[in-house]
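Colleague: Need the 3D shape of this:
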Amino acid sequence: MDDLAALRYLVELGADEAIAEAPVDRFSAPPPAELPAPARPAPAMRVVAPVASPAIAAPVPAAQAVISARDAAAAANTLDELREALAKFDGCPLKATATNLCFADGNPEAKIMFVGEAPGADEDRQGKPFVGVSGQLLDRMIGFIGLDRKTNAYIANVIPWRPPANRTPTAAEIAACEPFIRRQIELCNPQILVLVGNISTKTLLGTTDGIIRMRGKWRDYSSPGLKAPIPALPIFHPAYLLRTPAQKRDSWRDLLSLKQRIQMLSK
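Modeller: Prediction:
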C-alpha cells in the first residue's frame with residue numbers, strides 16, 4: 001500500500017485531523033499522572049454558647065467560720081440583733097439545707113433557760129425549737145414543776161439549723177454555731193441554765209463526759225460576757241427518753257432537783 005492509499009484508509013476510519021508530526025505509541029507511553037482527589041471541606045465547627053452555672057457560695061473554711069461567728073456574735077447587743085446576725089451568717093453549711101432558722105421560743109426574760117441540741121423536722125418547718133414529739137414531752141416535764149415556755153421558761157439550741165435526716169452535727173458545725181448560743185445566754189443572763197442532751201452539755205461545759213455521767217450534776221457555766229457563773233444542770237434529752245423510757249425515773253429526780261433550785265431563787 002502506497003502512502004496515498006494509506007492516507008485514504010485513515011480518512012475512511014475517521015482520522016481526518018493530524019495532531020502531531022510523528023505517531024504516538026500508546027502502549028509504550030507512561031500512564032497519565034493521577035489527579036489529586038479534591039479536598040473535602042472541613043466540617044463546620046459547632047459553636048456552643050457557654051451555659052451559666054448557678055451562683056453557689058464557696059464553702060467557708062472552718063477556722064474562718066469560727067472567727068466570723070465570734071465577731072458577728074460579739075457585735076450583737078440585743079437578741080434581735082443576734083437573730084439577724086445568725087440569719088446573715090453563712091459559715092455553717094447546715095443553713096443551706098434547712099428550711100428555717102430556729103432561734104428560740106419562750107420568754108427571753110425568764111429566769112430559766114433551756115438549751116437543746118439541734119432542730120428536728122417539725123422544728124425546721126415551724127422555725128421554733130422543741131415543737132415536735134420530743135418538745136411536747138419537754139413541755140409536760142417542765143409543766144410538772146411549774147414551768148411554761150410562754151411565761152417563765154426560754155428555750156434555744158446549740159445548733160439553730162436542722163442537720164439533714166436529723167444526723168448528729170459535726171464538730172465543725174458545732175464550732176461555727178457555738179459563739180452564737182454563748183452570746184444568746186449572755187444576753188438573756190438567766191439565773192439557771194438547763195442543758196438538754198449530750199451535745200449541749202459537752203459544748204457549753206467543755207467536757208468530754210457524756211450525758212449519762214453528767215446528768216443530774218450541777219455545774220457552773222461561765223462566759224466572758226457574764227458578771228457571774230450560772231448554775232447549770234444537764235438532763236436527758238426528751239428524744240432519748242422516748243427511746244429509753246426506763247430513764248424517765250432519773251429524769252424525774254433531775255426535775256425535782258431543778259424545782260428545788262428554783263425555789264431557792266425566790267427566797
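Colleague: pLDDT below threshold where in the stretch 51-200 of the chain?
Modeller: 51-60 (pLDDT under 70).
Colleague: And the strands in it?
Modeller: For the stretch 51-200 of the chain, the strands defined by DSSP state E, counting those that start in this stretch occupy 105-106, 112-116, 153-157, 192-196.
Colleague: what residues does the third one touch?
Modeller: Outside of strand 153-157, the residues within contact range by Cβ atoms under 8 Å, 6 or more residues apart in numbering are 102-110, 112-119, 129-130, 138, 142, 147, 149, 181, 184, 188, 190, 200. Just so you know, the C-beta spots here come from the backbone N, C-alpha and C atoms, and that holds for glycine as well.
Colleague: Could you do the last one as well?
Modeller: In this structure, residues lying in contact with strand 192-196 by Cβ under 8 Å, 6+ apart are 111-117, 138, 185, 201, 204-205, 221, 230-238, 258, 261-262, 265.
Colleague: out of the strands of the stretch 51-200 of the chain, which comes closest to residue 93?
Modeller: strand 153-157 (16.6 Å; Cβ to Cβ).
Colleague: are any of the contacts of strand 192-196 buried, and which?
Modeller: Neighbour counting by 16 or more other Cβ atoms under 10 Å classes 111-117, 138, 185, 201, 204-205, 221, 230-238, 258, 261-262 among these as buried.
Colleague: picking up where we left off before, cross the contacts of strand 192-196 against helices and list the overlap.
Modeller: Taking DSSP state H, the ones among those that sit in helices are 138, 185, 201, 204, 205, 238, 258, 261, 262, 265.
Colleague: can you tell me which two in the residues you listed are farthest apart?
Modeller: Once Cβ to Cβ is applied, these give 238 and 265 as the farthest pair, at 24.0 Å.
Colleague: quick revisit: make JSON lines out of the strands of the stretch 51-200 of the chain and add distance to residue 251.
Modeller: Below are these laid out as JSON lines (distance: least, Cβ to Cβ, whole Å):
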{"stretch": "strand 105-106", "distance to residue 251": "20"}
{"stretch": "strand 112-116", "distance to residue 251": "13"}
{"stretch": "strand 153-157", "distance to residue 251": "16"}
{"stretch": "strand 192-196", "distance to residue 251": "10"}
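Colleague: quick one, which of the ones you listed is nearest to residue 124?
Modeller: Shortest distance between residue 124 and the strands of the stretch 51-200 of the chain, using Cβ to Cβ, is found for strand 153-157: 11.3 Å.
Colleague: tilt between the closest one and strand 112-116?
Modeller: Here strand 153-157 points in a direction 20 degrees away from that of strand 112-116 (axes from the mean of the first three to the mean of the last three Cα atoms, to 10 degrees).
Colleague: pLDDT (mean, whole number) over stretch 232-251?
Modeller: In this model, stretch 232-251 has a mean pLDDT of 97.
Colleague: send the alpha carbons of that stretch over as CSV?
Modeller: The C-alpha coordinates for stretch 232-251 follow below in CSV (Å, rounded to 0.1, in the frame of the first residue of the first chain):
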residue,chain,number,x,y,z
ALA,A,232,-26.2,24.6,135.0
LEU,A,233,-28.0,21.3,135.2
PRO,A,234,-27.6,18.7,132.4
ILE,A,235,-30.6,16.5,131.8
PHE,A,236,-31.6,13.8,129.4
HIS,A,237,-33.0,14.9,126.0
PRO,A,238,-36.7,14.1,125.7
ALA,A,239,-36.0,12.2,122.4
TYR,A,240,-33.7,9.9,124.4
LEU,A,241,-36.4,9.3,127.0
LEU,A,242,-38.9,8.4,124.2
ARG,A,243,-36.4,5.7,123.1
THR,A,244,-35.5,4.5,126.6
PRO,A,245,-38.5,5.1,128.9
ALA,A,246,-36.7,3.4,131.8
GLN,A,247,-34.6,6.6,132.2
LYS,A,248,-37.6,8.7,133.0
ARG,A,249,-37.1,7.9,136.7
ASP,A,250,-33.7,9.6,136.7
SER,A,251,-35.2,12.5,134.7
